[in-house]
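K.L.:
I would like the atomic coordinates for the input below:
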Amino acid sequence: MARLDKYNEALIYLSNLYIAGDFIPQDLEEAHHILDEIEDKNDASRLFFLGLIELNEKNYQKVFQLFQDSSKLGKS
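P.N.:
Residues are numbered from 1 along each chain as shown. Reported below is the predicted structural model:
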């Protein structure tokens with residue numbers, strides 16, 4: 001289980017790099033693909049970063065829902 005947690009953390013970190021676009025070119029599609037690799041589709045961090053992708057795409061209703069779900073699961 002610990003190995004899976006570290007793997008998921010690495011996926012979250014990498015997706016954040018693609019979302020931010022500071023160190024590598026922004027690629028929201030790649031970030032979304034990376035987040036899809038996380039098996040737990042209700043992972044709070046996964047939902048939070050999906051919300052950031054939607055925010056960049058100006059899908060505000062999805063942003064609200066994803067951030068709300070993430071918050072309920074522990075990522076505020």
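K.L.:
what kind of secondary structure is N16 in?
P.N.:
helix (DSSP: H, G, I helix; E, B strand; the rest coil).
K.L.:
Hmm, F49 and it touching each other?
P.N.:
Yes. N16 is within contact range of F49, at 6.3 Å (criterion: C-beta atoms under 8 Å). All C-beta spots, glycine's among them, are computed from the backbone N, C-alpha and C.
K.L.:
and I34, what does it touch?
P.N.:
Residues near I34 by C-beta atoms under 8 Å, 6 or more residues apart in numbering: 11, 14-15, 18.
K.L.:
Could you pull up the contacting residues of the residue nearest to the spatial centre of the chain?
P.N.:
Centroid-nearest residue in the chain: F49, 2.4 Å away (criterion: C-alpha atoms, centre = their mean). Contacts for F49 were tallied using C-beta under 8 Å, 6+ apart; they are 12, 15-16, 19, 31, 35.
K.L.:
now these in TSV, with distance to K72, pLDDT and neighbour count?
P.N.:
As requested, the contacts of F49 are exported to TSV (distance: C-beta to C-beta, whole Å; pLDDT from 0 to 100; neighbours: other C-beta atoms under 10 Å):
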residue	distance to K72	pLDDT	neighbour count
I12	18	96	17
S15	21	98	27
N16	21	97	17
I19	22	97	22
A31	22	98	24
L35	18	97	26
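K.L.:
Can you redo the residues you listed as a markdown table, where the extra columns are distance to L4?
P.N.:
Output for those, formatted as a markdown table (distance: C-beta to C-beta, whole Å):
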| residue | distance to L4 |
| --- | --- |
| I12 | 13 |
| S15 | 16 |
| N16 | 19 |
| I19 | 22 |
| A31 | 20 |
| L35 | 15 |
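K.L.:
Can you tell me which of the residues you listed lies closest to K62?
P.N.:
Distance to K62 across those (C-beta to C-beta) is lowest for L35, with 13.6 Å.
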